[in-house]
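**Student:** here is my input, please return the structure:
(one chain, ligands or ions: 2)
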Amino acid sequence: MMSSPKNLSKFWEWGRKIICVGRNYAEHAKELKNAVPTEPVLFLKPPTAYVKEGSPVIMPYYSNNLHHEVELGVVIGKGGRNISQACAMEHVHGYALCLDMTARDVQDKCKEKGLPWTLAKAFDTSCPVSDFIPKDKIQDPHNLNIWLKVNDSLRQEGNTSAMIFSIPFLISYISKIISLEEGDLILTGTPKGVASVKEDDEMMAGIDNIISMKFKVEKQS
Ligand SMILES: O=C(O)/C=C/C(=O)CC(=O)C(=O)O
Ligand SMILES: [Mg+2]
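**Tutor:** Ligands and ions are numbered 1, 2, ... in the order given. Coordinates of the predicted model:
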């Protein structure tokens, strides 16, 4: 039987990489008492981290401090290696609103011990994503207001113009280290205001008047 062709607007079904950029907003680096980076900080989430609206974000059983991080996601449409900054936007198929859910207490312990952030960042449901936003719906990805509310109270609000490393820079930088493939997602970092969520909280996030999404937080059963 022939398998049906994959639809890139359902990028989360492709099983491809989620490459995350950390500390890409100076105000966020400072709120967690980190130096402002001179090179991108990268980490990965597996495709099992994806969760879509209608399903909950599950708190990992080993954390008592789960944080929200609202981020702009870039969906790769054309793969490549050693992509130049000048050609980088040709590799972008579109965008998505994303949350980089982070077990902050676990991340702090990993940092203390010099261990990788996998337990803190890569657990199932750690990457809630919106519907796909076609590239032509966003005129300038470096001038977008992204925001997040918890139970109707505003927690995060920032403009993508404050990113330290631009999208073309990130695509070029990443593609020199990790080959980019169709369906990959790049999370571009979070603005300030990251904070805890607890069981039964409702997170609502948006990009200007372009898209919004809601997720409930649940405990692992
Ligand atoms: O270094 C830390 O304490 C925390 C860094 C992050 O979690 C980085 C991000 O994921 C981000 O800036 O979006
Ligand atoms: Mg993040």
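**Student:** ok, and the closest non-adjacent residue to whichever residue of the chain sits closest to ligand 1?
**Tutor:** At 2.9 Å from ligand 1, residue 22 is the closest residue in the chain, using Cβ to the nearest ligand atom. Glycine gets a C-beta too; all of them are placed from N, C-alpha and C. Spatial nearest neighbour of residue 22, excluding adjacent residues (Cβ to Cβ, 6 or more residues apart in numbering): residue 41 at 4.0 Å.
**Student:** kindly report the same for residue 107.
**Tutor:** Leaving out its chain neighbours, the residue that sits closest to residue 107 by Cβ to Cβ, 6+ apart is residue 120, at 3.6 Å.
**Student:** how far away is the residue nearest to residue 22 from residue 71?
**Tutor:** Residue 41 is 13 Å from residue 71, where distance means Cβ to Cβ, to the nearest Å.
**Student:** those two: which is more packed in?
**Tutor:** A side-by-side neighbour count of residue 41 and residue 71, using other Cβ atoms under 10 Å, places residue 71 first with 27 against 15.
**Student:** so the more buried one belongs to a helix, correct?
**Tutor:** No. Counting by DSSP: H, G, I helix; E, B strand; the rest coil, residue 71 falls outside a helix, being strand.
**Student:** would stretch 147-162 count as contacting ligand 2?
**Tutor:** No. Using Cβ under 5 Å from the ion, stretch 147-162 never reaches ligand 2; the gap is at least 11.1 Å.
**Student:** renumber starting at 152 from here on
**Tutor:** Shifting the count to begin at 152 puts that one at stretch 298-313.
**Student:** chain center to that stretch: distance?
**Tutor:** Remark: stretch 298-313 is offset 14 Å from the chain centroid, using Cα atoms, centre = their mean, to the nearest Å.
**Student:** low-confidence ranges, the protein, go.
**Tutor:** 152-156 (pLDDT under 70).
**Student:** near ligand 2, which residues of it show up?
**Tutor:** Remark: the part of the chain in contact with ligand 2 comprises 220, 251, 341, using Cβ under 5 Å from the ion.
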